[in-house]
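1. take this sequence and fold it.
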Amino acid sequence: MSAGRLAERLGLRLGIVLALTLLPIGLMALSQSRELMSQVRIRTDAALMGETLRAAAPQLQMIQQAQGAVAVLSSSLSSFLPDAVSCSSAMRGVVGDGALYGAAVFVARDGKVNCVAPEGSGQLFSSLPLQQMEGDPQSFLSASEVDTAARFFASHPVMDSAGALSGFLSVSIPFEVFQQSNDRLEPKSDLGLVVFDATGNLLAANKPIETLRPLLPRDSTLQILAQGGNETFSAEAVSGERRTFAVVTLSDPRLFAIGSWPRGELGLTGLPKLPVTLFPILMASASLIVALIATEFLVTRHIRSLRHAITRFAGGDRNATPPDMLRAPREIRDVAEAFEQMARTIQRDEADLENTLRQKDALLREVHHRVKNNLQLIASIISMQMRETGSGEARQMMRAVQDRVLSLATVHKDLYQTSHLAEVKADELLPEIVNRVVNLAAEGDAAIIAETHFDDIALDAEQAVPVALLLAEAATQARNEAAGAGGLRKMDVSLRRDGDHALLVVEHAIESSALIAPGDAMRRGLGGQLIQAFTAQLGGTINFDEARGSHRLSVRFPLSDDPGAENLTS
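-> You can find the predicted model right below:
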């Protein structure tokens, strides 16, 4: 089907109209979906940050507890420093049963460990806090991995009575303590949690470091993440897994936490994957499909059935009736009823017209039949008159008149015998005329043979009569003049189609010793005049070809375009 015809179909046009009608609703739905997805993302981000804060709360609490412990102890430690035993006892009081702190130590300004608890754990502490506090005596947080065990350190400066720096006090928390607190909070979670400072130093984690590092972002560092503030994002982890990350600032603005969540940990896996336009498109598509189905069920299918019935009726199928339209809308039923009424009216009018044409056909056949009978009666009267006439010349003239009357009777006989009264088949009419001319040869004349060839040409009534009479005159003249060897005479008669014309040819042999002026044989007497008159009536041209030994008459005349059209008009 061409694009032009497809664009003209009712279903496509209805689909376009419905689509345009649903477009504003679709745009509103799209806007609402964008707003909804924006709110969902905001809430999802807030939920992720909240979950990260909740997971980081135990670690932050322990870090703050360690900071408070060293701050309180450092303010009273100056009174214990001269006595190493009292100082160590104070350290053991901080460490307690070791459930939270792994060790406590005081490192003098010269780097010497004066007191430590438990004994032998001084090597765990680094002199880095002392270097940091030389210029700016402030509390300091750090972490290190010593003896394959990661530890967190909270350090605080210790000032003497003169306000000068005398050293620093530091406590450590093993990472296992952080991990145990998170295991109690989220025993089955695949969350990776890291607490770090603004410089990107890792301070605490909820998993072993070798397990945690593959869960961190591949293309970003902790220092860069600290500069970005609170955010959530999806990225590829070091392990190659696609994970969701949430970075939050803790209550201590120097500390940050990053949570590495597996996709779907919070039940939001599908939301990032679905495009914003999916729901409006699905809604618009569903509405359009429902509208098209309703249109097809209520309108289009009934119109298609009605169109099929009308097309069949227009094509000549008078048994084509509208289909059952009981379920169709009232407007379409009205159209179907109007078509059915129109079809009944046309069928009734056609039946009346057919009866009228049949009556006219019968009357016209009767006219042709009566004319033929009257002409045959005239020919019989002429024949009776010929027998009563003693003059040979008068008898010959009456025979010529009789031939013409019988030729005309033959035309009328074929007209009332043919199925179409307004046309006659040349290959049925003309052979009969030739045979009658041959059979009417004068007594005592030698036999004559006529060889004929007639194409299947339809002649209307206005052409059939002059063609038949012209052929009768030409064949009679050829019969009278024909000569042949051994007393056998011969003539050739043909009617052939020549484009939109017909060519009638009558040719016969003459005595080879006779030399006749060109055109004289066929033009002399009444017969020649009739031949020329019939040719003029046909609107044709005549050609005489006369030479020693033969005469040839050719008549070329135009054929009617559609002889049957006259019959329909009449």
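
2. can you tell me who the spatially closest residue to residue 438 that is not a sequence neighbour pairs with across the strands?
-> Among residues not flanking residue 438 along the chain, residue 450 sits closest, at 5.2 Å (Cβ to Cβ, 6 or more residues apart in numbering). For glycine as for every other residue, the C-beta is placed from the backbone atoms N, C-alpha and C. Bridge pairing for residue 450 (DSSP bridges) gives the partners residue 491.

3. and this structure, what are its domains?
-> 11-273, 443-570 (automatic domain parsing).

4. any chance of those in CSV, plus distance to residue 315 and mean pLDDT?
-> CSV is the format used below for those (distance: least, Cβ to Cβ, whole Å; pLDDT from 0 to 100):
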stretch, distance to residue 315, mean pLDDT
domain 11-273, 24, 79
domain 443-570, 19, 77
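
5. ok, which of the ones you listed comes nearest residue 380?
-> domain 443-570 (17.9 Å; Cβ to Cβ).

6. the nearest residue to residue 498 once chain neighbours are set aside: how many residues sit nearby?
-> Leaving out its chain neighbours, the residue that sits closest to residue 498 by Cβ to Cβ, 6+ apart is residue 556, at 6.7 Å. Residue 556 is flanked by 16 other residues according to other Cβ atoms under 10 Å.

7. surely residue 556 forms part of a strand?
-> Yes. Secondary structure of residue 556 (DSSP: H, G, I helix; E, B strand; the rest coil): part of a strand.

8. quick one: the helices in the stretch 251-400 of the chain?
-> 270-273, 278-295, 301-314, 330-388, 392-417 (DSSP state H, counting those that start in this stretch).

9. so residue 223 versus residue 201, what's the distance?
-> Distance, residue 223 to residue 201, by Cβ to Cβ, to the nearest Å: 9 Å.

10. how many neighbours does the nearest residue to residue 139 once chain neighbours are set aside have?
-> Distances taken as Cβ to Cβ, 6+ apart place residue 156 nearest to residue 139, at 4.7 Å, with adjacent residues excluded. Applying other Cβ under 10 Å, we find 25 residues neighbouring residue 156.

11. what's the following helix or strand after whatever helix or strand residue 156 lives in?
-> Using DSSP states H and E, residue 156 sits in strand 149-159. Going down the chain from strand 149-159, the next helix or strand is strand 165-174, by DSSP H and E.

12. I'd like to know which elements that following strand is packed against.
-> Here strand 165-174 touches helix 10-76, strand 103-108, helix 128-135, strand 149-159, going by 3 or more Cβ pairs under 8 Å, 6 or more residues apart in numbering; DSSP states H and E.

13. pretty sure residue 66 sits against residue 171.
-> Yes. Under the criterion of Cβ atoms under 8 Å, residue 66 makes contact with residue 171 at 5.4 Å.

14. find residues that contact each of those two.
-> 101, 154 (Cβ atoms under 8 Å, 6 or more residues apart in numbering).

15. which of these two has more residues huddled nearby?
-> A count of neighbours by other Cβ under 10 Å puts residue 171 above the other of residue 66 and residue 171, at 27 against 24.

16. ok, the more buried one - contacts?
-> Counting by Cβ under 8 Å, 6+ apart, residue 171 has contacts 66, 69, 70, 94, 95, 101, 103, 104, 105, 153, 154.

17. ok, residue 393 next?
-> Taking Cβ under 8 Å, 6+ apart, one finds nothing in contact with residue 393.

18. tell me the pLDDT at it?
-> Model confidence at residue 393, given as pLDDT, is 82.

19. so how far is residue 531 from it?
-> From residue 393 over to residue 531 (counting by Cβ to Cβ), the distance is 22 Å.

20. swap in residue 48?
-> Counting by Cβ to Cβ - residue 48 and residue 531 are separated by 116 Å.

21. cool, residue 295 as well?
-> 74 Å.

22. out of these two, which sits in the busier spot?
-> The neighbour count for residue 295 versus residue 531, taken as other Cβ under 10 Å, is higher for residue 531 (24 against 17).

23. for the closest residue to residue 257 other than its chain neighbours, what are its contacts?
-> Computed as Cβ to Cβ, 6+ apart, the closest residue to residue 257 that is not its neighbour in sequence is residue 56, at 3.9 Å. Residues counted as contacts of residue 56 (Cβ under 8 Å, 6+ apart) are 193, 195, 248, 250, 257, 259.

24. I'd like to know which elements the one helix or strand the third one maps to is packed against.
-> Which is residue 248. Assigned by DSSP H and E, residue 248 falls within strand 242-249. Packing contacts for strand 242-249, counted by 3+ Cβ pairs under 8 Å, 6+ apart, involve helix 10-76, strand 231-236, strand 255-262.

25. who does the last one pair up with?
-> Paired neighbours of strand 255-262 in the sheet (DSSP bridges): strand 192-197 (antiparallel), strand 242-249 (antiparallel).

26. angle of the last one against strand 231-236?
-> When axes from the mean of the first three to the mean of the last three Cα atoms, to 10 degrees is applied, the directions of strand 242-249 and strand 231-236 differ by 150 degrees.

27. chain center to strand 242-249: distance?
-> 47 Å (Cα atoms, centre = their mean, to the nearest Å).

28. how about stretch 95-109?
-> 79 Å.

29. buried ones in that stretch, by neighbour count?
-> 95, 100, 101, 102, 103, 104, 105, 106, 107, 108, 109 (16 or more other Cβ atoms under 10 Å).

30. now stretch 23-42
-> Buried residues in stretch 23-42 (16+ other Cβ under 10 Å): 26, 29, 30, 33, 37.

31. measure the last one to residue 48 for me?
-> Going from residue 37 to residue 48 by Cβ to Cβ gives 16 Å.

32. likewise for the second one?
-> In this structure, residue 29 and residue 48 are separated by 28 Å, where distance is defined by Cβ to Cβ.

33. residues contacting stretch 295-310, please?
-> With Cβ under 8 Å, 6+ apart, stretch 295-310 has contacts from 10-11, 14, 18, 320-323, 325, 328-329, 332, 335-336, 339.

34. give me the distance between residue 479 and residue 472.
-> For residue 479, the distance to residue 472 - Cβ to Cβ - is 10 Å.

35. what residues do those two have in common as contacts?
-> Counting by Cβ under 8 Å, 6+ apart, the residues touching both residue 479 and residue 472 are residue 437.

36. quick one: which of these two has more around it?
-> Each of residue 479 and residue 472 has its neighbours counted (other Cβ under 10 Å); residue 472 has more, 28 against 21.

37. from what I see, the more buried one and residue 403 are in contact.
-> Yes. Counting by Cβ under 8 Å, residue 472 does reach residue 403; the two are 6.1 Å apart.

38. any common contacting residues for the two?
-> Joint contacts of residue 472 and residue 403 (Cβ under 8 Å, 6+ apart) are residue 437.

39. in CSV, list the contacts of residue 171 along with distance to residue 367.
-> Below are the contacts of residue 171 laid out as CSV (distance: Cβ to Cβ, whole Å):
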residue, distance to residue 367
66, 135
69, 139
70, 140
94, 144
95, 143
101, 139
103, 142
104, 144
105, 145
153, 136
154, 135
